[in-house]
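Asker: Quick one, fold the following:
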Amino acid sequence: MIQPREIALQILYDIEKHQAYLNISFQNHVEEAGLSARDAAFVKELCYGVMQWKLRLDSSISRFSSVKLKKLSPYVLSLLRMGLYQLFFMDKIPASAAVNESVALAGRYAKQSRGFVNAILRRAVREGEQLPKGNSDEALSVRYSHPVELVRFMKGCFGEEQTLRLLQENNQTPPLFVRVNTLKTTRSDLMKGLSQENIETKEGMWSDSCLVWEGGGIQSLSAYKEGLFTVQDQSAQLAALALAPQPGERVFDVCAAPGGKTTHLAELMENKGEILALDIYEKRLHSVMETAKRLGITMIKTTVADARQFEVTEPADKILIDAPCSGMGVIRRRPDLRYKEGLTDSKELTDTQLAILDHCAGLLKDGGEMVYSTCTVNPAENEELVMSFLKKHKEFSIVPVKSPHIVGLGAELLQTGMATFYPDMQGGDGFFIAKLKKESA
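Answerer: Prediction:
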């Protein structure tokens, strides 16, 4: 049977050589190998950790090696990153195991470089890690493993103090939040039921249907199979709550997949009315309906369509636009995202986002409301984009969010109708929400 470290190497090679997405490559390799939960967790820690700290690991490789990084083969580079990550970040792995297992893999995947891998890792054991000091862009890039361009961009948007907080937070393990399915249970009842299954939770801080998950498997639980809850970050839960759809209304979710917000809308509507869920990929809409079925929701209809140009016979009472975005608010969940080429160049994205808003404006009833949301903290995709939309559409205005289900900091920030939530705020992902109302003619 293939060993966990070898699977991790294959995943990291796939990313380095073929620019594969970390989450997809991880899922495909682990499922194919049929790993136990324990081994899968080890592979995930290794792969996600290497990608999170890639620039910092590469700094050490450059210090220990006379061979330039770009001259190293993808297998050798991935092996060195894996070995260094185990040495510098995995306290429970003996140094001897980290070195010997890496060298053994080199013997199978890069035989001529076996001695080179051994020498670099043994030098790392002797000398340890050395990090640059100070807050220059280059020093922060290495210390927090963010590309220099991204560090500069963040400083320009947020200033040095907040940039430091965000860089630190992007390297933390994010909390896990779940949303109570209010069609089937209450938060207190779900907490009691989960406690009986030895799952500890506590109440979320921003909504009355949110729980913080404090450990334990999810999909094997009877409460999950019965559709009593679904996984959703506490920031993302605010989008549907801000829109506040009512039973019997006609609602469009125009960028719906994978369905977390779509099903939340249905729960708020008590499964009464109509939700039209759109996405450009038919396969992704299947996940919307699978989630809806598990949660006992029957009111959702799906359509493959482009949110910039779809047509309907009847306008909507409310529209949710959870727009495609750069994802800068979820870097800690997707560590490879920080290295994406052109991450800070938002022109193409903002053109798409504005086109979606423009089109949906004409599909909303007079007096209707829209919520525009993203999982980024880039002002160009958020506040600046909304302001551009309002300049073109005088019939729209920002309106306060008033929901009895939103509490704490969530309610406080949304009083103005537009807010950015940062990942250093009480654990939620980076997220943006703006609520817009179309005035009656």
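Asker: Helix, strand or coil: sort out Arg308 for me.
Answerer: Under DSSP: H, G, I helix; E, B strand; the rest coil, the three-state class of Arg308 is coil.
Asker: Just to check, it is in contact with Leu357?
Answerer: No. Between Arg308 and Leu357 there is no contact, the gap being 9.5 Å when judged by C-beta atoms under 8 Å. Every residue, glycine included, has its C-beta placed from N, CA and C.
Asker: Among these two, which residue is more densely surrounded?
Answerer: Neighbour totals were compared for Arg308 and Leu357, and Leu357 leads with 27 against 17 (other C-beta atoms under 10 Å).
Asker: Please look at that one and Ile321 and confirm they touch.
Answerer: Yes. Here Leu357 reaches Ile321: they are 6.5 Å apart, a contact under C-beta under 8 Å.
Asker: Pull up the overlap in contacts between those two.
Answerer: Shared contacts of Leu357 and Ile321, defined by C-beta atoms under 8 Å, 6 or more residues apart in numbering, comprise Met370, Tyr372.
Asker: what about Thr186, how many residues close to it?
Answerer: A count of nearby residues for Thr186, using other C-beta under 10 Å, gives 14.
Asker: I meant to write Lys293 there.
Answerer: By the criterion of other C-beta under 10 Å, Lys293 has 12 neighbours.
Asker: Tell me the spacing between it and Val231.
Answerer: Lys293 is 16 Å from Val231, where distance means C-beta to C-beta, to the nearest Å.
Asker: One more: Ser209?
Answerer: Distance of Ser209 to Val231, computed by C-beta to C-beta: 13 Å.
Asker: ok, now Arg250?
Answerer: As judged by C-beta to C-beta, Arg250 and Val231 stand 28 Å apart.
Asker: Over to Ser113?
Answerer: In terms of C-beta to C-beta, Ser113 sits 41 Å off from Val231.
Asker: neighbour count winner among these two?
Answerer: Set Ser113 next to Val231 and count neighbours by other C-beta under 10 Å: Ser113 wins out with 21 against 14.
Asker: burial count for the closest residue in space to the more buried one that isn't next to it in sequence?
Answerer: Nearest residue to Ser113, sequence neighbours excluded (C-beta to C-beta, 6 or more residues apart in numbering): Val76, at 4.8 Å. Per other C-beta under 10 Å, the neighbour tally for Val76 reads 22.
Asker: Summarise which helices and strands the lengthiest strand in the chain is packed against.
Answerer: The residue-count maximum for a strand in the chain (DSSP state E) belongs to strand 364-374. Where contact means 3 or more C-beta pairs under 8 Å, 6 or more residues apart in numbering; DSSP states H and E, strand 364-374 is packed against helix 237-243, strand 316-322, helix 347-361, helix 383-392, strand 431-438.
Asker: All the helices of the stretch 101-250 of the chain, residue numbers only.
Answerer: 114-127, 137-144, 148-169, 187-196, 222-225, 237-243 (DSSP state H, counting those that start in this stretch).
Asker: Could you save those as TSV and add columns showing mean pLDDT?
Answerer: Formatted as TSV, those follow (pLDDT from 0 to 100):
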stretch	mean pLDDT
helix 114-127	97
helix 137-144	98
helix 148-169	97
helix 187-196	96
helix 222-225	96
helix 237-243	98
